[in-house]
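Peer 1: heads up, no residue letters with this:
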């Protein structure tokens, strides 16, 4: 049976208990927080920012930053733009001062503030983008040089060469970067002159996962406190994680923020943590006593990059260096000086010889060549070489001297040329350059006394003058006029572009005065040191004192700059 008096008494007592509990809870909420309780509300938030270029109200291009009056890190996709990022200490806060209100509010410092670029008018942005287009085109040119250098290296090397995989990976990265830049340039080029432009900073906030407290979540910005350099966020799910105390008021949280976040402005770090910076860039890698030591990379502010070994702050050992508008350098370094690429000679390489009367006449004696027995058995002892396996290589090609100047003939040319072809050896013909007669006349003499059969290698001009001889003929300029005349006439008459044979010393001292020769013709370098010549070439002569079974005495040993696939391609493109 229902008893109204008992029911009212029960309700009254229950209400009183609830009121007391509510009073106790409100009193508890109003008690000052200890520092431990404040710290218990701490959270780490990652702020990421980028700039968005809008054309007639629509996003068109995205940039990671605006530095030194220019955009950097352009992309046509907001998902692939590299954002400025900073991690900040913040606090979960209570929405209301007294009543419980766990609505996922977070107070953090205001960092990555937008540059004044967001305030520029459309006309000023048009001018800025024009300058950016020119700057980006220059950057693309530098990357194209790098790509050419890397592509050349990959063409003439294989995976068995030390460092090949690193070059391949860097080549892929350069190609990807060039593709991104081209997309940005196309987007900029497509902007109409009368389009309305605007730049807006886009911010992304997310809670960094913390063991036992939250699993990470995105946030929206609710309010900016300009006078406090602070921001109030709202978690995307609208909830404060279970177990996190939220007695902290917004005001108290704002008072706490400066204690842990002293920076007034933060950009994405240009130098990674743990790097060794200097005035030209920074080093990342193994260190000893605060200096580069072991393996590591150096990133130059000018776009240069070195990946390799170091000793006491200097490049020492194997390394890879590349920079805009510079030649790729892959090989050995000693005290910051590039020495060259130290090769491993194996049976996989393509070897050849060059012949003159000296292989037949020695000390007033005559010697025949046993063409059916030809095998390279020794690569020479003039320099140290890294050889894998036994030296017993076939002779894949042979160059035979035909003429010298306008008066000298090699009496063994015709027989050696015919014998090489008869035994299935690719043969080419070379002329020894004289400083006492005109290049055009020498070309006529060479063409009159030389043979160019189907499948033959391209002709070669052998240039080995001394400094004194060059001076007597009128200097380097006069010499190069004569060389150009020979090369041009032979090219025109034979239909094949001749190869220029020079020494490494000649390449270093004189070739910079005639860059067109290196650009227009393949080069054959004589370098007898332990390193491969650091120049683009067809062959290099690695020793003058090699041994070939079937030939008496020393023989010049040459190697093709590449492997079998590259050699076959070379023959298709350049042979008769």
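Peer 2: The structure has been received and is ready for your questions. Given the structure is predicted, the values throughout are model-derived calculations rather than measurements.
Peer 1: Check the gap between the closest residue to residue 177 other than its chain neighbours and residue 363 for me.
Peer 2: Leaving aside its sequence neighbours, residue 177 sits nearest to residue 143 (CB to CB, 6 or more residues apart in numbering; 6.2 Å). C-beta: built from backbone N, CA, C; applies to glycine. According to CB to CB, to the nearest Å, residue 143 and residue 363 sit 57 Å apart.
Peer 1: Which one's more surrounded, the two?
Peer 2: Counted by other CB atoms under 10 Å, residue 143 and residue 363 do not tie: residue 143 has more neighbours, with 18 against 5.
Peer 1: Helix, strand, or coil at the more buried one?
Peer 2: Recorded secondary structure, residue 143: helix (DSSP: H, G, I helix; E, B strand; the rest coil).
Peer 1: pLDDT at residue 29, what is it?
Peer 2: We have a pLDDT of 53 for residue 29.
Peer 1: Same check on residue 3?
Peer 2: Per-residue confidence (pLDDT) for residue 3: 54.
Peer 1: Go through stretch 487-506 and flag the buried ones.
Peer 2: The neighbour-count check on stretch 487-506 (16 or more other CB atoms under 10 Å) flags 487-491, 494, 496-504, 506 as buried.
Peer 1: typo on my end, it should be stretch 553-573
Peer 2: Quick answer for stretch 553-573 (16+ other CB under 10 Å): 554-563, 566-567, 570.
Peer 1: residues making contact with it?
Peer 2: 155-158, 345, 348-355, 358-359, 362, 367, 376, 379-380, 396-397, 399, 426, 455, 457, 524, 537-548 (CB atoms under 8 Å, 6 or more residues apart in numbering).
Peer 1: pLDDT weak spots in the stretch 351-500 of the chain?
Peer 2: Along the stretch 351-500 of the chain, the model assigns pLDDT under 70 to no residue.
Peer 1: Apply 80 and report the result again.
Peer 2: Across the stretch 351-500 of the chain, the ranges flagged by pLDDT under 80 are 383.
Peer 1: got it, and the stretch 51-200 of the chain?
Peer 2: Across the stretch 51-200 of the chain, the ranges flagged by pLDDT under 80 are 95-103, 160.
Peer 1: what about the helices in it?
Peer 2: 122-155, 164-189 (DSSP state H, counting those that start in this stretch).
Peer 1: Present these as CSV; the columns should include distance to residue 467.
Peer 2: Below are the helices of the stretch 51-200 of the chain laid out as CSV (distance: least, CB to CB, whole Å):
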stretch, distance to residue 467
helix 122-155, 31
helix 164-189, 36
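Peer 1: now for these, which one comes closest to residue 48?
Peer 2: Ranking those by proximity to residue 48 (CB to CB) places helix 164-189 first, at 18.9 Å.
Peer 1: If I take that closest one and helix 122-155, what angle do their directions form?
Peer 2: Comparing the axes of helix 164-189 and helix 122-155 via axes from the mean of the first three to the mean of the last three CA atoms, to 10 degrees yields an angle of 150 degrees.
Peer 1: Just the buried residues of helix 164-189, please?
Peer 2: For helix 164-189, by 16+ other CB under 10 Å, it's 167, 170-171, 174, 178, 180-181, 183-185, 187-188.
Peer 1: Starting from the helix or strand residue 545 falls within, tell me which strands it pairs with and how they run.
Peer 2: Element membership of residue 545, judged by DSSP states H and E, is strand 539-549. When sheet partners are counted by DSSP bridges, strand 539-549 sits next to strand 375-378 (antiparallel), strand 523-526 (parallel), strand 555-560 (antiparallel).
Peer 1: residues in contact with that strand?
Peer 2: Residues outside strand 539-549 that contact it (CB under 8 Å, 6+ apart) are 345, 352-354, 370, 373-383, 385, 395, 499, 524-528, 532-533, 554-561.
Peer 1: So among the contacts of stretch 553-573, which ones count as buried?
Peer 2: 156-157, 345, 349-355, 359, 376, 379-380, 396-397, 399, 426, 457, 524, 537-543, 545-548.
Peer 1: what's the distance between the nearest residue to residue 523 once chain neighbours are set aside and residue 528?
Peer 2: Nearest residue to residue 523 in three dimensions, chain neighbours excluded: residue 537, at 4.5 Å (CB to CB, 6+ apart). From residue 537 over to residue 528 the distance is 15 Å, taken as CB to CB.
Peer 1: same deal with residue 258?
Peer 2: Applying CB to CB, the value for residue 258 to residue 528 is 69 Å.
Peer 1: Of the two, give the one with the bigger neighbour count.
Peer 2: More crowded of residue 258 and residue 528, by other CB under 10 Å: residue 528, with 15 against 12.
Peer 1: What's the separation between the residue lying closest to the more buried one once chain neighbours are set aside and residue 318?
Peer 2: Closest residue to residue 528 apart from its sequence neighbours, by CB to CB, 6+ apart: residue 382 at 5.0 Å. Distance, residue 382 to residue 318, by CB to CB: 23 Å.
Peer 1: neighbour count winner among those two?
Peer 2: When neighbours are counted by other CB under 10 Å, residue 382 and residue 318 differ, and residue 318 comes out ahead with 18 against 15.
Peer 1: tell me the average confidence for the strand or helix carrying that one?
Peer 2: Assigned by DSSP H and E, residue 318 belongs to strand 314-322. In this model, strand 314-322 has an average pLDDT of 93.
Peer 1: can you check stretch 241-250 too?
Peer 2: Taken as a whole, stretch 241-250 has a mean pLDDT of 72.
Peer 1: can you give me the end-to-end distance of it?
Peer 2: Using CA to CA, to the nearest Å, the end-to-end distance of stretch 241-250 comes to 17 Å.
Peer 1: Also stretch 399-419?
Peer 2: Using CA to CA, the end-to-end distance of stretch 399-419 comes out at 12 Å.
Peer 1: hmm, who's touching that stretch?
Peer 2: 352-357, 359-360, 369, 371, 398, 420, 427-434, 436-437, 441-442, 445-446, 449-451, 457, 460, 462, 558.
Peer 1: out of these, which are buried?
Peer 2: Buried members of the contacts of stretch 399-419, counted by 16+ other CB under 10 Å: 352-357, 359-360, 369, 371, 398, 420, 427-434, 437, 441-442, 445-446, 450, 457, 460, 462, 558.
Peer 1: Out of those residues, name the ones that lie in strands.
Peer 2: The strands, defined by DSSP state E, take in 352-355, 398, 427-432, 460, 462, 558 from the buried ones among the contacts of stretch 399-419.
Peer 1: Average pLDDT for stretch 256-267, rounded please.
Peer 2: For stretch 256-267, mean pLDDT is 61.
Peer 1: Any idea what residue 330 is bridged to?
Peer 2: For residue 330, the beta-bridge partners under DSSP bridges are residue 320.
Peer 1: can you check residue 354 too?
Peer 2: Under the criterion DSSP bridges, residue 354 forms beta bridges with residue 399, residue 556.
Peer 1: right, and it touches residue 398 too?
Peer 2: Yes: taking contacts as CB atoms under 8 Å, residue 354 lies within contact range of residue 398: 7.0 Å.
Peer 1: okay, how far is it across stretch 522-540, tip to tip?
Peer 2: From its first residue to its last, stretch 522-540 covers 11 Å (CA to CA).
Peer 1: give me the number of residues near residue 381?
Peer 2: With other CB under 10 Å as criterion, residue 381 counts 11.
Peer 1: What separation do you get for the residue nearest to it when sequence neighbours are not counted and residue 477?
Peer 2: Excluding the flanking residues, the one nearest residue 381 by CB to CB, 6+ apart is residue 545, at 6.3 Å. From residue 545 across to residue 477, the span is 35 Å (CB to CB).
Peer 1: Equivalent analysis for residue 357, please.
Peer 2: Taken as CB to CB, the span from residue 357 to residue 477 is 33 Å.
Peer 1: same question, residue 291
Peer 2: Separation of residue 291 from residue 477 (CB to CB): 46 Å.
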